[in-house]
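Trainee: I need the structure of the sequence given here:
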Amino acid sequence: MPMSSPALVFSRCGIHGFHEVLGIDSDELSFYWAIDSTEKGTAQAAYRIVLTTDPNTLESVDQKIPGLDWDSGRVQSNEQRNILCKLDDGFHSTCNYYWRVMVWDGSDRFYQSPIQHFFTAYPRSRLLPPYSMNQKYMPHSSLIFRTWFENEANRWKAVWIGDGGDKPIYLRKSFQLPRLPTRAVLFASGLGHFNMSLNGQPASDHRLDPGWTGYHQRVQFTSYDVTAHLSAGENVMGAHVGNGFYAGDKGGDDRFFWPMYEDNTYVRYGNELCFFCELHIFYDDGSHETLISDPTWSVRKSATTLANIYASETHDRRLYPDNWDTVGFSGEGWNSAKPLTGPRGHVYYQTQPPVVLHETFSPVRRYSPRKGVVCFDLGQNASTMVQIIAEGSSGSEIIVRYSETVKEDGTVLMPDPLFKEFETGVFSKVYLAGTGKPETWEPDFSFTSARYIQVEGVGLDGEEGLPIIHSAVGRHISSAARRLGTMKTDKEDVNDLLNALYWTFNSNLFSYHTDCPQIEKFGWLEVTHLLAPATQYIRDMESLYTKILDDILDAQESSGLVPTMAPEIRYMCGPLHDTITWGCAICLLPDILLRYYGSTHVIPKVYPAAVRYMEYMRTKERKGGLIEHGLGDWGRDIAFGNHQANIETAIYYKCLQCVEMMARELGKPEDATKYKEWSSRIYKAYNRHLLVKDDPSHPQVYYTSLDDFPRRDHTSIAQAMALQFDLCPPEYKNDVMATFIDDTSDGRIRAGEIGLRFLFNTLADAKRPDLVLKMARQEEHPSYMRFLRRGETTLLEFWQDECRSKCHDMLGTIYEWLYAAVLGLKSTDNAYRTFEVDPPYESEFSHVQGSFDSPYGLIKIEFQRSATGEVNLDVRVPFGTSAVVKIPSSKQAEVRREDEPMEIWNCGDVKVEHGSYRITVRS
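Mentor: Sure thing, here's the model as predicted:
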């Protein structure tokens, strides 16, 4: 059937849980797609997905396709996400696969997506063999290893190599190609981090590959299409390997490394930097050649002699072997690589987005506080890889320091006296080669958060006896996840807050969600779920959350306990190790993936672990179902434990509901009933101990904490937790809301990082943007605008003027409120299949505009109120979705879809299908 005019156009196709698709190592995949259309009333009525190893079979528009590896068949459905593909015998290893989506609309018109591609690794192999296993084994052991070698196609061939030491190394391999390949895919990993090159060119734009994991359980490999990098004849692969967290290196007594303990040791997963790779080369005759890492590679020490992940490197330009990774190089100091045992963890494809460089911040101010020191103000605090260009004589020593804060003289400052070591012990040392030309230095394996760069041992133009500093810039480094949202209002202080929130969130997205990119770089788990509703507007987080769940599964203990951090790079104790508001991410993230991305692909592997966590938490119950042993509302007065019973029991209740959801998704009705009954028991215990109905001094029913039992209180957080988690019986909701408003009416924030999200969400439900803005604008802390009035461009860790960390996003949950209550965008079905637009009619805002690239396509909203009170609302609804635009009951709406005639709505809310609309609201 020939394709008709493109009333439907595929805008995006992908595989759930994978950002890149050149090393797929799963035997089950879930596909999705998004479609654009300007044709009114059209909809997807059916779909078909086909998959093959021969792309030529998909070139035809004929629906009869021979030689398919998998075919969903025509499915009468409007689903566009979470479509499972599972081959009977699994995917072939190291194989190119091609797939395509076909859809039919309601008129049975037929459309096809562009052909999609992915490349598999070894879906059923997780271990690299020791070098000896790849050799001809002793005759008497041949039967033992027979099955290993019989399964050659489905096993890793490469081995870990290095020099046996723990300092950065260069590795290179020269090889010949008889002709140009049609495709070349490279699998590689280097621990802690590595940079890969071919013929002197970077293999990709990735930084800090592979992503951080618990290396005793999981090691990630990355994959690159390097076809364009290769030539017929001689070629060279190069790898530069540094320490990262795998083999952390303090580098001496003058450098900072935070995961330290009383005996000055820290977590080290391995003591030998190691690397492996496999280069898979395909030719037009169908042949496939594999080149591997082995002792035929050459190795030497790096010119980067210290690679400390906490932004302290030492680099000697005099030691750099120019052109070491190019054809024709010959240099001294190279030896044969040693085969190594490597890490204990199994090998998995890096599913989350890579870390890459984004914007470059040029200084807004350059100054010299004293001779030999030049400082640069970048104007914006952010996660950054600094780059300097300097010129001087051979051996000139340059020190580069970084800071989020400066002293009165403009030099670097750590304001927290407990972390003064970060002021003095975080720096990079660079020795110039003295080439007579400007020399560029940038860190190879580290980054930090900084607004200020301080360069020592240099001068401005022509300063006597000193190297010249030509430039210093900050290059923002963060996740490559797709950017999604924009928002702007007519209130400049709110726009400044949006900007600070944006840069704070962006600066904490790497191979997991960090707590800060400067001091700790740890994977504390509370931010993953608390900030998920806000972070979804910043970046597409689906594949990153998928990987974080793998980290959590790896970190879970045999008792079922899920620690507060994953990977557990620093071992904690007590409530800092075992707190449900952190560990609950194992239950909440699958629910988040379903609600925000319409995906259930993680549920089969997470469900058993979530069950074990609930069984563990059962042992922590008190008073018939309360949980109150953790950190409570952490961040209120910094580390003041409060509201444990209210917060931790509510989270426990939500976890049980999420486990019930997973059981239903997996077709386990008996399990689902069990968890529903279990959560019902917790509901009753919560209200039995915390709901107060008999206080003669208070006219309304309210919730109390147990912080000073038996004294009762009625804080806003206690009310918000019950309301947001639907723990409040319906007949008492008005009373509880009234109590909540009583405690927030002064516009003061009385919440830590856990309660803060639920405070704002309850104020959104109460339609009180005035109170949120009053809280944000307080003169004294807690206050967001106080940060901005003091010149901060990102959020601080706590409600303080000076903090050790000034790029901490844990207080950033107001970003969720800004999109939901000011832009007015709220999802009402999984993945925004249906959503609500409820603009701030009763607020100080007269103009708000924003966009959000949802899983189904771009949503746009613009709210404009005139001086007469008339509101114009422009809304774009993506294909495959529908929206409800909330209209005040006292108003009338005129609705116009693009260039079509106007409709008058007198019956309340406006329901619209895909398209662009102008809605005018009048009294």
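Trainee: and the closest residue to Asn271 other than its chain neighbours, helix, strand or coil?
Mentor: Nearest residue to Asn271, sequence neighbours excluded (C-beta to C-beta, 6 or more residues apart in numbering): Asp166, at 5.4 Å. Quick note: C-beta positions are derived from backbone N, CA and C, even for glycine. Classification of Asp166 using DSSP: H, G, I helix; E, B strand; the rest coil returns coil.
Trainee: hmm, Asp166 is touching Cys274, no?
Mentor: No - using C-beta atoms under 8 Å, Asp166 is not in contact with Cys274; the gap is 10.2 Å.
Trainee: tell me which of these two has more neighbours.
Mentor: Cys274 (31 against 18; other C-beta atoms under 10 Å).
Trainee: how about that one: which residues does it bridge to?
Mentor: Beta-bridge pairing for Cys274 (DSSP bridges): Leu191.
Trainee: check what pLDDT it gets.
Mentor: In this prediction, Cys274 carries a pLDDT score of 98.
Trainee: for it, what are its contacts?
Mentor: Going by C-beta atoms under 8 Å, 6 or more residues apart in numbering, Cys274 touches 160-162, 190-191, 241, 340, 342-343.
Trainee: now, which of these lie within strands?
Mentor: 161-162, 190-191, 241 (DSSP state E).
Trainee: the closest residue to Asp829 other than its chain neighbours: neighbour count?
Mentor: Take Asp829 and drop its neighbours on the chain: the residue closest to it by C-beta to C-beta, 6+ apart is Phe835, 7.5 Å away. Residues contacting Phe835 under the criterion other C-beta under 10 Å number 22.
Trainee: what helix or strand is Phe835 on?
Mentor: strand 834-837 (DSSP states H and E).
Trainee: same for that strand, what does it pack against?
Mentor: strand 825-827, strand 882-885 (3 or more C-beta pairs under 8 Å, 6 or more residues apart in numbering; DSSP states H and E).
Trainee: can I get it in CSV, CA atoms only?
Mentor: Only the C-alpha atoms of strand 834-837 are listed here, as CSV (Å, rounded to 0.1, in the frame of the first residue of the first chain):
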residue,chain,number,x,y,z
THR,A,834,-3.6,13.3,29.4
PHE,A,835,-2.6,16.4,31.3
GLU,A,836,-4.2,19.4,32.9
VAL,A,837,-3.5,23.1,32.2
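Trainee: hmm, who's touching whichever helix or strand comes after that strand?
Mentor: Counting by DSSP H and E, the next helix or strand C-terminal to strand 834-837 is strand 847-854. For strand 847-854, contacts defined as C-beta under 8 Å, 6+ apart pick out 482-490, 537, 540, 819, 822-825, 831-832, 835, 839-840, 858-865, 876, 878, 881.
Trainee: let's have the contacts of Cys274 in a markdown table, adding neighbour count and distance to Ser428.
Mentor: A markdown table is the format used below for these (neighbours: other C-beta atoms under 10 Å; distance: C-beta to C-beta, whole Å):
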| residue | neighbour count | distance to Ser428 |
| --- | --- | --- |
| Trp160 | 26 | 28 |
| Ile161 | 30 | 28 |
| Gly162 | 26 | 24 |
| Gly190 | 30 | 21 |
| Leu191 | 29 | 21 |
| Val241 | 32 | 18 |
| Leu340 | 20 | 28 |
| Gly342 | 24 | 29 |
| Pro343 | 23 | 27 |
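Trainee: got the domain ranges for the protein?
Mentor: 9-119, 131-352, 356-479, 508-823, 834-922 (automatic domain parsing).
Trainee: and these, which is most packed in?
Mentor: Ranked by average neighbour count under the criterion mean count of other C-beta atoms under 10 Å, these are headed by domain 508-823 at a mean of 21.
Trainee: first vs last residue of it, how far apart are they?
Mentor: By C-alpha to C-alpha, to the nearest Å, the extent of domain 508-823 from end to end equals 24 Å.
Trainee: what's the spacing between that domain and its chain's center?
Mentor: How far domain 508-823 lies from its chain's middle: 19 Å, per C-alpha atoms, centre = their mean, to the nearest Å.
Trainee: mind showing which ranges of the protein have poor pLDDT?
Mentor: 1-5, 61-63, 133-149, 259-266, 638-639, 905-907 (pLDDT under 70).
Trainee: tell me where the longest strand sits in it.
Mentor: Per DSSP E, the chain has its longest strand at strand 373-391.
Trainee: adjacent strands (with direction) for that strand?
Mentor: Here, using DSSP bridges, strand 373-391 pairs with strand 365-370 (antiparallel), strand 439-441 (antiparallel), strand 448-456 (antiparallel), strand 468-479 (antiparallel).
Trainee: Asp708: which of those strands is closest?
Mentor: strand 448-456 (38.3 Å; C-beta to C-beta).
Trainee: next, the contact list for the residue nearest to Asn271, please.
Mentor: Here Asp166 is in contact with 243, 247, 249, 271-273 (criterion: C-beta under 8 Å, 6+ apart).
Trainee: for Val701, same thing?
Mentor: So Val701 contacts 691-693, 732, 735-736, 739 (C-beta under 8 Å, 6+ apart).
Trainee: how about these, which pair is most distant?
Mentor: Within these, two members stand farthest from each other by C-beta to C-beta: Lys693 and Thr739, at 12.1 Å.
Trainee: nice, that's everything, thank you.
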